[in-house]
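>>> Predicted structure and sequence below. I'll ask about it afterward.
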Amino acid sequence: MNVKTATPAPSWYSPPRRTRARSAAVQRSAPVLPLAVAVALWVESLDGVELDAMTDLGLVSVLPPEYFLALGVLTAGFFAAVFARPTSERLPAAYATALVLVLHATPAILYETLRYPWAWKHVGIVDYIQRHGAVDTGADFLTAYHDWPGFFSLGALATEATGESNALAIASWSPPFFELLFLGIVVLLARTLSSDRRVVWTTAWLFLVANWVGQDYFAPQALAYFLYLLIVAVALRSFTVRPHTVLIPMPLRFASVVSLVRGPRRPARSRGRRRLRTEARVGLAAFIVLAGAAVVSSHQLTPLLLILAIGALVHFRQTELPGLTLLLVVMTTAWVALMARPFLEGNLYWIVDSIGSPTGNADETLLNLDEASSGLVFVSTVDRVLTATVLALAALGIARRIRRGRLDASALMLAALPGVLLLATSYGGEILFRIYFFALPFLALLGAYALFPSPRAGGGTRAAVLAAGACGLLLAGSCFAYFGKERFHHFTDDEVRASRWLSDTAPAGSLLVSGTFDYPWAWRNYERFEYLALDGESADVRRRAARSPVETLRALMYDDRRPGAYLVITRSQEARVDMTGVMRRGTLQRMERALARDPAFIEVLRGPHASIFRLDPGAPR
Amino acid sequence: MTRDWRLPAVAIGLAIAAGAVTIWDSPAPWRHAVVLAFLAIGPGLALVGLLGLDDPLEELMMIVGASLVLDLLVAEALVLGSVWSADVCMQLLMAIAIGGAVAHMRLVPGGEP
């Protein structure tokens, strides 16, 4: 038998031109291959997903293995691209873009309707502007949206200019749109704060996989967040005074670190400072002021954080925009005093109450898991572990950098500052989510430093595998955390049809009662109705509603001055009640059956996923 | 992206295309694509080009950021003034985009700065 053995080619050997070209083509296309495979797997995974079979674990419970395989291939391919030689910026960018689409375009493709009940309310404000051509700053309900109308005005513009009758189509695609903007700005910020491209791209990936709080839907905070990060990026890039990373003197002394971070009294020329023409700096400063005005007039919380961030960066000489903090304070105060006074007057009591009570503010955010279903307990545990892991990674990154004599002053400041909000407001029970969201880009950067604390550390395959493994685990957790509440964040056609019928049919001034607000509500003619959700009532009312629904609902709904009172119960509300335990499991289903038997309630609409009852005020008790 | 004639040309092209699909009430996919592309980058395109930023990602983020800020402020001013009209709003934004492009061509006559 003739056996050929492989012998190394002599140094003078040059392969034929065709072979060389082929091998170069293979080398070039090799990193792209996983991307193509991942996208193909994702597209394949979207076919035939049975949304009706969803369990309390959310969308994850019905997505096929191909979907998760696509995420795994993307993660592996991404880190292979980050560590590949020669380096390319386009390839990691393409992988990160694909991750955004796989994570955030999936619901828009799978669901026939807009996801998340709060997004429907925001569509309702756009609908109001479209019908009235104005806002009502003194509105009784959803006052904040009328008093900060910037985002909704933009929504009305996009809706009407595209020829749509409502903002539903645009709102459905908001999550991938905003996540792509977040990706771009996080890469820009990471590039500003670190020159190590492994850190830059790992930051971007960590941000994407750890951003489970879902603040990317059709909402003012998503746009305000992008503008906040953009303003910070411009301030750090174009108005730098000192390097964003400082060398720590050894032996370490607190006073010396403070003096280093603060810097000398006069601004020092630094390596981080860019040479921009005066006109360009004026243009960028003008942009910051205009973007600040857009933030101030669109959202309540973001201006506070913007003032804190710019104030701290100026104070610690990370940026040289000394008048900007004052200008932002003046703009915010003027807006609240002139435009948002009705909101302030109606909400001052809880705003004042929540000042200086951090534990109370934090407790309001956390879901009470005592009565929750096992699926929701698992999902909530995963999101808490995910958050704790990101914090631990960031802490490790800070420690590893300090060991190498580096303090990432700007990143540390911007990661820590949102925590101050805990002292100031509960923000309607959402403050912990918002703090995490605002800190996340900088936590992700510090977390990336845990893997690559210096340009010389972690250059080999082992580091790439470790980074991919850590991010892969976080991504797995993120799938549960981000998609875990889809049983009540997703609505069927039938639920939307019922909601449309109600808002088109009920006489103006009617009371619309529901089990919870987890249904498409307040999105058409919203100002014509009053709204009440049973889960927002006192524990006593909820108990009575579960025990004797007919009497309790009749008492809640009856008012002879009203032209009508309706109760709407949907599958999504039932899912919310059964999963969170806010009322006894099966309460809404029992309520539906009891009302159907009682002559005081007329069933005016019944579908597979929604029922609507009208209270007949004249019926015998 | 560099400071040359391409940015103002794209800004003017997008503004004209957005105006055309709106006036002729083009079918949904085309109208959506053109109008949303204009709103996302049109008003800020030429203006940001004037700044001469050297990082393409920074320039892109600034273009999108400036465009959304201008869209928002113009729309909000019309809403708060109770004179809301999407057509007027689009015309104002087109004027900003074209005005920025003209300024760009006058101030940056050609090629690299």
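Yep, it's here.
>>> dump the residue contacts of A:Arg406.
A:Arg406 makes contact with A:Thr245, A:Val246, A:Leu247, A:Ile248, A:Pro453, A:Ser454, according to Cβ atoms under 8 Å, 6 or more residues apart in numbering or on different chains. Every C-beta, even on glycine, is put in place using the N, C-alpha and C of the backbone.
>>> change it to 6 Å
Applying Cβ atoms under 6 Å, 6 or more residues apart in numbering or on different chains, we find A:Arg406 in contact with A:Thr245.
>>> repeat for A:Val568
Applying Cβ under 6 Å, 6+ apart to A:Val568 gives the contacts A:Ser514, A:Ile612.
>>> make it 8 Å
A:Val568 touches A:Ala498, A:Ser499, A:Leu502, A:Leu512, A:Val513, A:Ser514, A:Tyr519, A:Ala610, A:Ser611, A:Ile612, counting by Cβ under 8 Å, 6+ apart.
>>> Tell me the one among the residues you listed nearest to A:Gly447.
Distance to A:Gly447, by Cβ to Cβ, is smallest for A:Tyr519 among the contacts of A:Val568, at 37.7 Å.
>>> Now for the closest residue to that closest one other than its chain neighbours: which residues touch it?
Leaving aside its sequence neighbours, A:Tyr519 sits nearest to A:Thr570 (Cβ to Cβ, 6 or more residues apart in numbering or on different chains; 4.4 Å). Counting by Cβ under 8 Å, 6+ apart, A:Thr570 makes contact with A:Phe491, A:Glu495, A:Ala498, A:Ser514, A:Gly515, A:Asp518, A:Tyr519, A:His609, A:Ala610, A:Ser611.
>>> Now render these as JSON lines, adding secondary structure and pLDDT.
Converted to JSON lines, those look like this (DSSP: H, G, I helix; E, B strand; the rest coil; pLDDT from 0 to 100):
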{"residue": "A:Phe491", "secondary structure": "coil", "pLDDT": "97"}
{"residue": "A:Glu495", "secondary structure": "helix", "pLDDT": "97"}
{"residue": "A:Ala498", "secondary structure": "helix", "pLDDT": "97"}
{"residue": "A:Ser514", "secondary structure": "strand", "pLDDT": "96"}
{"residue": "A:Gly515", "secondary structure": "coil", "pLDDT": "96"}
{"residue": "A:Asp518", "secondary structure": "coil", "pLDDT": "96"}
{"residue": "A:Tyr519", "secondary structure": "coil", "pLDDT": "96"}
{"residue": "A:His609", "secondary structure": "coil", "pLDDT": "96"}
{"residue": "A:Ala610", "secondary structure": "strand", "pLDDT": "97"}
{"residue": "A:Ser611", "secondary structure": "strand", "pLDDT": "97"}
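>>> Any chance of JSON lines for these, columns neighbour count?
Below are those laid out as JSON lines (neighbours: other Cβ atoms under 10 Å in any protein chain shown):
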{"residue": "A:Phe491", "neighbour count": "26"}
{"residue": "A:Glu495", "neighbour count": "23"}
{"residue": "A:Ala498", "neighbour count": "25"}
{"residue": "A:Ser514", "neighbour count": "25"}
{"residue": "A:Gly515", "neighbour count": "27"}
{"residue": "A:Asp518", "neighbour count": "29"}
{"residue": "A:Tyr519", "neighbour count": "26"}
{"residue": "A:His609", "neighbour count": "19"}
{"residue": "A:Ala610", "neighbour count": "25"}
{"residue": "A:Ser611", "neighbour count": "21"}
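>>> The residue nearest to A:Tyr519 pairs with what?
A:Ala610 (DSSP bridges).
>>> Can you name the residues that contact the residue nearest to A:Ala285 when sequence neighbours are not counted?
Spatial nearest neighbour of A:Ala285, chain neighbours left out: A:Leu321 (7.2 Å); criterion: Cβ to Cβ, 6+ apart. Counting by Cβ under 8 Å, 6+ apart, A:Leu321 makes contact with A:Ala235, A:Phe239, A:Ala285, A:Ile288, A:Ile310, A:Leu313, A:Val314.
>>> Can you lay out these as TSV showing pLDDT?
Output for the contacts of A:Leu321, formatted as TSV (pLDDT from 0 to 100):
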residue	pLDDT
A:Ala235	95
A:Phe239	90
A:Ala285	95
A:Ile288	97
A:Ile310	95
A:Leu313	93
A:Val314	92
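>>> from these, which is closest to chain B?
A:Ile288 (10.1 Å; Cβ to the nearest Cβ).
>>> Next, the contact list for that closest one, please.
A:Ile231, A:Val234, A:Ala235, A:Leu321, A:Leu324.
>>> could you redo the last one with a cut-off of 6 Å?
Going by Cβ under 6 Å, 6+ apart, A:Ile288 touches A:Ile231, A:Val234.
>>> a helix runs through it, doesn't it?
Yes - membership of A:Ile288 in a helix is supported by DSSP: H, G, I helix; E, B strand; the rest coil.
>>> neighbours around A:Asp47, how many?
Counted with other Cβ atoms under 10 Å in any protein chain shown, the neighbours of A:Asp47 add up to 8.
>>> swap that for A:Asn368, sorry
Neighbours of A:Asn368 (other Cβ under 10 Å): 11.
>>> Am I right that it sits in a helix?
No - A:Asn368: not assigned to a helix; according to three-state DSSP it is coil.
>>> what does the model give it for pLDDT?
Model confidence at A:Asn368, given as pLDDT, is 73.
>>> Can you give me the distance of it to A:Ala539?
Separation of A:Asn368 from A:Ala539 (Cβ to Cβ, to the nearest Å): 12 Å.
>>> where are the low-confidence patches of the stretch 351-500 of chain A?
In the predicted model, the stretch 351-500 of chain A carries pLDDT under 70 at residues A:352, A:354, A:356, A:360-367, A:458-459.
>>> Could you check which residue of it lies nearest chain B?
Closest to chain B within the stretch 351-500 of chain A is A:Pro441: 13.2 Å, counting by Cβ to the nearest Cβ.
>>> Not counting residues beside it along the chain, what's closest to that residue?
Distances taken as Cβ to Cβ, 6+ apart put A:Val186 closest to A:Pro441, at 4.8 Å, once the chain neighbours are dropped.
>>> A:Ala222 too?
Nearest residue to A:Ala222, sequence neighbours excluded (Cβ to Cβ, 6+ apart): A:Phe178, at 4.3 Å.
>>> The helix or strand harbouring the one you found: what's the following helix or strand?
Secondary structure assignment for A:Phe178, by DSSP states H and E: helix A:174-193. Next in sequence after helix A:174-193, counting helices and strands by DSSP H and E, comes helix A:197-210.
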